[in-house]
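> Attaching a predicted model along with its sequence, questions to come.
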Amino acid sequence: MKLLFVAFQRISTGLLCTCMLLFLSCQKEPTVDTNPSIGSSDPTLNYILSLGFKRENVVEYGDYYIVEGDMKFSKKDYNNIPGARLQQRFDNLIPIINHDIANTISVRVDYSFTDPDVRQKVINAAQASISSWNSISVSKLRFIYFSGSSANITLTHTSSSNPNTYAVATPPINCGAGPSIGLTDIIADLDTNQLHQLLVHEMGHCAGFRHTDESYLNGPYLVPLTPYSDANSVMNSGAGDNSARSWTGFTAYDVVATQVLYPTNAFAIAEYNNATDKVDFRWTPSKFCNTTVTIQMTLPNGSYSQAISTNNDGTESFQLDLPGTYKIRVFTTSVPALEATITL
């Protein structure tokens, strides 16, 4: 999964290198941007492009943009986000849900579906999709179905100027889940397994996964420990397909990506890399609701290294020449440090 709006194309932290994966194409045919006139003066467009999306895959619809056919960025919600992630290695991964709240993401279906049978069909598929996400072990990411009047993610009926669009989902905002998944009239044509696949995919976008099979302008777009391609990832866009795909389950790397991005416990680890002769330091990016983090080391002689600011992409490498024990800390001004120790 590419972090989406997550998937990581694979979650750049290593687990889901395949973008998370939703097998089901969110739409029958890929969307092509037909409005090249939008300039860089638009803050929402600048933000979208800073995440690594290609301009030709961004289409303006009045007060919002649709990216890659099924990711929705509202001009109202995304035009004042500080610190656009221009250098973020998680460019496949749209800003993600804070780790502290990732286990309580509520999902509801509103009453905008006029046909009660269609609404019940959506409810059933939503509950099945929640069960699928919650079946991933060693991960904190958990969804909860809620029948009340408000939730973190609301499934609602929407219209689209593209007759082939099944759904659009919003990426995470302000360290919380993307607040909506809009479903169009043509979902009525989907069978139970196809709608299940679609909602797993769209919920992945709300959790920060991008399309696994899309290329981006910046970064490696990989979730650590995942490969560059994953043919059956649930977060694949399905571009070129003329029919929706059916739910067949997560791939092994979908699972890895989710575990890397949202581990049960936030962690930091330092390991010696024989291939590069460097120390690789990895941490849980979702622990810090920041574009950048600070890293500082305690050296073998007990002194402190100079603190450095780096992208919150979950990985950094260091050339450490002196033998002895190092303590490496990653932190922000508002979040306590994650720490790892390594002896060379």
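Cool, the structure landed.

> Quick check: which ranges of the chain have low pLDDT?
1-41, 50-52, 77-95, 215-222, 238-243 (pLDDT under 70).

> Residue for residue, what is the longest helix it has?
helix 116-134 (DSSP state H).

> which strands and helices sit next to that one?
Using 3 or more CB pairs under 8 Å, 6 or more residues apart in numbering; DSSP states H and E, the elements in contact with helix 116-134 are strand 105-109, strand 143-145, helix 192-206. Heads up, the C-betas are built off the backbone N, CA and C, glycines and all.

> buried residues in the longest one?
If I follow you right, that is helix 192-206. 193-206 (16 or more other CB atoms under 10 Å).

> In JSON lines: the helices and strands packed on helix 116-134, plus distance to residue 174.
JSON lines is the format used below for those (distance: least, CB to CB, whole Å):
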{"stretch": "strand 105-109", "distance to residue 174": "14"}
{"stretch": "strand 143-145", "distance to residue 174": "19"}
{"stretch": "helix 192-206", "distance to residue 174": "13"}
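
> so who does the residue lying farthest from the centre of the chain touch?
No residue in the chain sits farther from the centre than residue 301, which is 40.3 Å out by CA atoms, centre = their mean. Residue 301 sits next to residue 324 when contact means CB atoms under 8 Å, 6 or more residues apart in numbering.

> how about residue 342, phi and psi?
Here is the backbone geometry of residue 342 (degrees, to the nearest 10): phi -140, psi 140.

> Is it in contact with residue 325, as I believe?
Yes. Between residue 342 and residue 325 there is a contact at 7.3 Å, judged by CB atoms under 8 Å.

> and those two? which has more neighbours close in?
residue 342 (19 against 12; other CB atoms under 10 Å).

> tell me, how many neighbours does the closest residue to residue 150 other than its chain neighbours end up with?
Nearest non-adjacent residue to residue 150, counting by CB to CB, 6 or more residues apart in numbering: residue 108, 7.4 Å away. By the criterion of other CB under 10 Å, residue 108 has 19 neighbours.

> what is residue 296 paired to in the beta sheet?
As for beta bridges, residue 296 partners with residue 329 under DSSP bridges.
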